[in-house]
Each structure stands twice: as structure tokens, then as C-alpha cells.
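Participant: Sequence below, structure please.
(2 chains)
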Amino acid sequence: MIIDIKKFGAILTSRQLGKEALAAYLPNLNNISEFEKIYVNFEEIDVFSPSWGDEFLTVLYRKFGNRLILKKSSNASVKASIEMIEEANNIKFNIE
Amino acid sequence: MINNKLKISEAATYLGVSIDTLRRWEEKGKLKSLRANQGDHRYYNLAQLEDFLTASCVSLAIKWARNNVGEKPNNIFYCSDSSVFQGRLYKLRNALSINKEIESFFSLLISVVGEIGDNSFGHNLGNWPDINGIFFAYNIKKKIIVLADRGQGVCKTLKRVKPELQNDAEALKVAFTEVLSGRAPESRGNGLKYVRAVIEKNPASLFFQSGEAELNLNQNNLILKIKKSKKFIQGCLAIIKF
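Facilitator: Okay, the predicted model is just below:
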């Protein structure tokens, strides 16, 4: 399963919108198999922030653990936000 | 207003000044009206007035944040709710995307602005003391972005989860250094810490004030120095230079 983050918008900075994005997307993950990996693709994202990311990525991490795989991104705001989310929540994402 | 041209009375209302002030500004060459001859009526272009306001957006934001009485700012700067702010963030993105000088930290700059604005809405939702929403403006030529709110301020917000906080200076220190949230019971609140991390690693600076405490951050100023402000504001004021 691949989650294309660009489908939620090009500028993802609001905590409230992160929450809404997750609520809208979660039903898609109801029927995935026990071992299926979930890849998160940040391609074509302009701006990302820890607030949006915390509401979306942290919740997915808590639910799926290392089955959640973040694809490496060259976008500076994606990289900085992921670092901040990891530090704030004391977690380590699986990044490939 | 006809064809985006405003009469002097309309221009005065738009700018929030008197007609006499506009006449004085014209005499001093500060803001010229459109008129072919001396005796003709004065008119002003809407775009001209917007440029005039934008040129002084920082002083207008400071004045708005410090005012004892809350008033809605001019519509071109006013984000009454987070959806308006989000829309204007896209406009800022478009305006900055053609600036090659900041290409390397363009996405970080917008995300910092987004975090600061989102903080204002997130921490004051349903609790705005007088005016809902934020003042958000930028001047691309001067490379400056300003955000202000008339919310509860950092100290009052953080006291909900850290009641031992004594004053605005302590609250600012916590906000910029500790992972903590004012929206208990959520264990979140990394916005201003993220802002600090980005500013300190990039060619930008930040002035931030809440209550009667303020700080300046930039690449050459890595030690967090918080000082007492000369004038109190009830909410938050952020000025970013890039």
C-alpha cells in the first residue's frame, strides 16, 4: 500500500488539517493484510510541517509500527519535520 | 469605488485615517493621489493603497498587536480563521517560489510561517479575548513576513499544562526549548521548537514577542536570550526576515 501525501495538498502545515486527512484516509487501511507494508510517498510536496505530520504520521506509526515506511524525500521541510516528530514523540520512523 | 478607483473619503476609510491626513500625506509626497489638475477631485487606485499598506505592514502589525482596544485589521492582512490563513499561505508560496535566492530553504520558511500561524489558531480556538484570528502580511521586496494575534499569549496557554510558570519570559523559554503542549491532554506542542531549529540553521531571523517578553533568533545568535519588552502585547507577534 502506498500513501501519496500530495493527494492531501501541496502545503501541509495545519494540525487540524492533518487530523482531518487521517480521519478521511484511515478507512482505506481497514482491510490491509497483517503483514502488508505501508509506504508514505512525499513526492511533489511543497511544504510540510511537524504539526500536520504529527497528526498523520505519528498516529500511523503507533498503529502499524515498522510496517509504516517513509520514503526518503529531498524536501527540506519534510526532512526537518520528520526529525522533529521523532524527537517530540521519542520514536524512530522506518525510512527507506 | 469605480474601476478600482476610490474617492478620497473611501480611501480614508480603507486606510483607517482621516481625509485631512490623506491631504497632508499628499503635500509631503508620502501618498500621492490621482488627479490631472490641482483643483480636480482626488482619487486613489486600490492597488496603490494595498502597496502603501504592505510597505508599512510591520509597523501596522505591531500597532495592531499593542493596541489596548482590539479592532479587526484591514482585510488584506486579516485572516479571521485558519482556512483564510491557509489560502494566504499558498499566495505567499507563489510569491516566494520565483525567488531563487531562497530556493534552498523555501519550503522551510513557509513551514515556519505555517507553524506560527497554526499555533495562533490552535491555541486560541474558542478563547480569543477580543479579535478572532491573526494579522498576516509580507513584503517580498523588503524580505519580511509578519504574523500577530491578539490571543491569550504563550504564558497563559502553557500554564494550562505547566501551572508553575511565573511569567512571560519563562513561558517563552519553555515554548522554544521544551517539547510541551498547551492543549492538554495532548502530549504535543513542538511548533516553536521547530521554528527555532529552522531559523538557527538558515539565513533568516526571527523576532518573537508574547506578553512582555521577547527574543531574537538567527544563525549567529544560538543562545536563547529573552528580554523584557518595552511595551506589552496580550497575544503574540512574530517578525521573520529572510
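Participant: Please enumerate the helices of the chain.
Facilitator: Reading this off chain A. In chain A, helices defined by DSSP state H lie at A:15-25, A:50-53, A:59-64, A:76-89, listed in chain order.
Participant: Oops, wrong one, chain B.
Facilitator: Going by DSSP H, chain B shows helices at B:8-15, B:19-28, B:46-55, B:57-66, B:82-96, B:106-124, B:153-159, B:168-177, B:191-200.
Participant: so can I have CSV of those showing mean neighbour count, mean pLDDT and distance to residue A:59?
Facilitator: Just so you know, the C-beta spots here come from the backbone N, C-alpha and C atoms, and that holds for glycine as well. Formatted as CSV, these follow (neighbours: other Cβ atoms under 10 Å in any protein chain shown; pLDDT from 0 to 100; distance: least, Cβ to Cβ, whole Å):
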stretch, mean neighbour count, mean pLDDT, distance to residue A:59
helix B:8-15, 17, 91, 45
helix B:19-28, 13, 93, 53
helix B:46-55, 15, 89, 39
helix B:57-66, 19, 96, 35
helix B:82-96, 17, 95, 20
helix B:106-124, 26, 96, 17
helix B:153-159, 23, 93, 23
helix B:168-177, 20, 95, 24
helix B:191-200, 23, 95, 18
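Participant: Now render those helices as JSON lines, adding distance to chain A.
Facilitator: JSON lines is the format used below for those (distance: least, Cβ to the nearest Cβ, whole Å):
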{"stretch": "helix B:8-15", "distance to chain A": "29"}
{"stretch": "helix B:19-28", "distance to chain A": "37"}
{"stretch": "helix B:46-55", "distance to chain A": "21"}
{"stretch": "helix B:57-66", "distance to chain A": "20"}
{"stretch": "helix B:82-96", "distance to chain A": "6"}
{"stretch": "helix B:106-124", "distance to chain A": "3"}
{"stretch": "helix B:153-159", "distance to chain A": "14"}
{"stretch": "helix B:168-177", "distance to chain A": "12"}
{"stretch": "helix B:191-200", "distance to chain A": "5"}
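Participant: What's the local residue count around residue B:18?
Facilitator: 12 (other Cβ atoms under 10 Å in any protein chain shown).
Participant: wait, isn't it in contact with residue B:11?
Facilitator: No - with contact defined as Cβ atoms under 8 Å, residue B:18 does not reach residue B:11; the gap is 10.9 Å.
Participant: Need the overlap of contacts for the two.
Facilitator: Here residue B:18 and residue B:11 have no joint contacts, going by Cβ atoms under 8 Å, 6 or more residues apart in numbering or on different chains.
Participant: circling back to that earlier point, for residue A:85, find the nearest of the helices of chain B.
Facilitator: helix B:191-200 (9.2 Å; Cβ to Cβ).
Participant: Distance from that closest one to the middle of the chain?
Facilitator: With Cα atoms, centre = their mean, to the nearest Å as the basis, helix B:191-200 stands 17 Å off its chain's centre.
Participant: same question, stretch A:7-25
Facilitator: Worked out by Cα atoms, centre = their mean, stretch A:7-25 lies 10 Å from the chain centre.
Participant: what does the domain assignment say about chain B?
Facilitator: By the assignment in automatic domain parsing, chain B contains the domains B:5-54, B:70-241.
Participant: can you list those domains in JSON lines and add distance to residue B:63?
Facilitator: Listed next are these as JSON lines, based on distance: least, Cβ to Cβ, whole Å:
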{"stretch": "domain B:5-54", "distance to residue B:63": "10"}
{"stretch": "domain B:70-241", "distance to residue B:63": "10"}
